[in-house]
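*Asks:* All I have is the shape, not the residue letters:
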């Protein structure tokens, strides 16, 4: 799991066991970053989910990990060169169906879990690449404790960040979950416009981060929140450099 939970002490104190975060949804049992994967994660009782977001050619946030669609869909090309409508016409599930055909034990597990939650055995062929709007619409009623949204691409797309913030506010998931928006290419001196609620965190670390400015911004966040601030470094060098600073809890995302 790439993104461990780092949250305020009061929230953590309520949990006697580790939180279960579904990485790209229930991606071991359904095609990653699809509505099917997130629906299954909810059905299985996950405490939260992690997902990856990029921007389509027409400027809309879409949920997909790779910058190209080759690995997880039935075509080839860059996500940034396809419109949302084009992306949603792609088949993002057949590759996983082929994987299940080679793994009978996993297929049997999917069947058993479907039976336990009272659902039909899923057929993933034709599963589309979802928009972030669709994913948040699905997640909000579930009342998940954690939603981790990872911005993909280099450098950080500020229009993408603002679009995500707008959708988070629209669906109110900043009030029902601890939201982390992070990017390995985000400099803490670049602050996104607007604010979310006190439970939401916007953070990031990149190789070009100015350490003094970074430490000061973290301290200000701690004072404002009266608690700890979550942070993730993107590589070993960044981890060593930033871990000397005095602030909240710290983790490394690889």
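*Replies:* That came through, no problem. Note that the structure is a prediction, hence the values are computed from the model and not measured.
*Asks:* only C-alpha atoms for contact and neighbour calcs from this point on.
*Replies:* Noted.
*Asks:* Go ahead and confirm residue 48 touches residue 142.
*Replies:* No. Counting by CA atoms under 8 Å, residue 48 sits too far from residue 142 to count as a contact (9.6 Å).
*Asks:* so for the longest strand that the chain contains, what's the average pLDDT?
*Replies:* Secondary structure of the chain per DSSP state E: the longest strand is strand 48-55. Mean pLDDT, strand 48-55: 95.
*Asks:* Could you do stretch 133-146 as well?
*Replies:* 95.
*Asks:* And for stretch 64-71?
*Replies:* For stretch 64-71, mean pLDDT is 96.
*Asks:* residues contacting residue 96?
*Replies:* By CA atoms under 8 Å, 6 or more residues apart in numbering, residue 96 lies in contact with 30-31, 124.
*Asks:* and with 10 Å instead?
*Replies:* Residues near residue 96 by CA atoms under 10 Å, 6 or more residues apart in numbering: 27-32, 72-73, 102, 123-125.
*Asks:* same thing with residue 62?
*Replies:* Contact analysis of residue 62 by CA under 10 Å, 6+ apart lists 33, 52-56, 79-80, 83-84, 87-88, 129-135, 160, 164.
*Asks:* Checking my notes, residue 113 in a strand, right?
*Replies:* No. Residue 113: not assigned to a strand; according to DSSP: H, G, I helix; E, B strand; the rest coil it is helix.
*Asks:* Against residue 40, how distant is it?
*Replies:* 9 Å (CA to CA, to the nearest Å).
*Asks:* hey, what's in contact with both of the two?
*Replies:* Going by CA under 10 Å, 6+ apart, residues that sit against residue 113 and also against residue 40 are 29, 119.
*Asks:* Which one of these two is surrounded by more residues?
*Replies:* Under the criterion of other CA atoms under 10 Å, the comparison of residue 113 against residue 40 puts residue 40 first, with 23 against 18.
*Asks:* quick one, phi/psi of the residue nearest to that one when sequence neighbours are not counted?
*Replies:* Of all residues not flanking residue 40 in the chain, residue 26 sits nearest, at 6.0 Å (CA to CA, 6 or more residues apart in numbering). Note on residue 26: its backbone torsions stand at phi -80, psi 70 [degrees, to the nearest 10].
*Asks:* How about the one 10 residues further on?
*Replies:* Backbone torsions for residue 36, taken as degrees, to the nearest 10, come to phi -60, psi -40.
*Asks:* one step back: looking at the contacts of residue 96, spot the one nearest residue 169.
*Replies:* Set against residue 169, the nearest of these by CA to CA is residue 32 (24.7 Å).
*Asks:* Might you report the residue contacts of the closest residue in space to that closest one that isn't next to it in sequence?
*Replies:* Once flanking residues are discounted, residue 32 sits nearest to residue 24: 5.2 Å by CA to CA, 6+ apart. By CA under 10 Å, 6+ apart, the residues touching residue 24 are 1, 30-34, 37-38, 41, 49-52, 63-65, 148-149.
*Asks:* quick revisit: could you please name the strands the longest strand of the chain pairs with and the direction of each pair?
*Replies:* Under the criterion DSSP bridges, strand 48-55 sits next to strand 21-23 (parallel), strand 61-63 (antiparallel), strand 146-151 (parallel) in its sheet.
*Asks:* Nearest to residue 118, out of these?
*Replies:* Nearest to residue 118, of those and by CA to CA, is strand 21-23 at 20.3 Å.
*Asks:* Okay, now the unreliable bits of this structure?
*Replies:* 1-16, 154-156, 176-254 (pLDDT under 70).
*Asks:* thought residue 139 was touching residue 48?
*Replies:* Yes. Here residue 139 reaches residue 48: they are 9.2 Å apart, a contact under CA atoms under 10 Å.
*Asks:* ok, these two, which is more surrounded?
*Replies:* Between residue 139 and residue 48, counted using other CA under 10 Å, the more crowded position is residue 48 (26 against 21).
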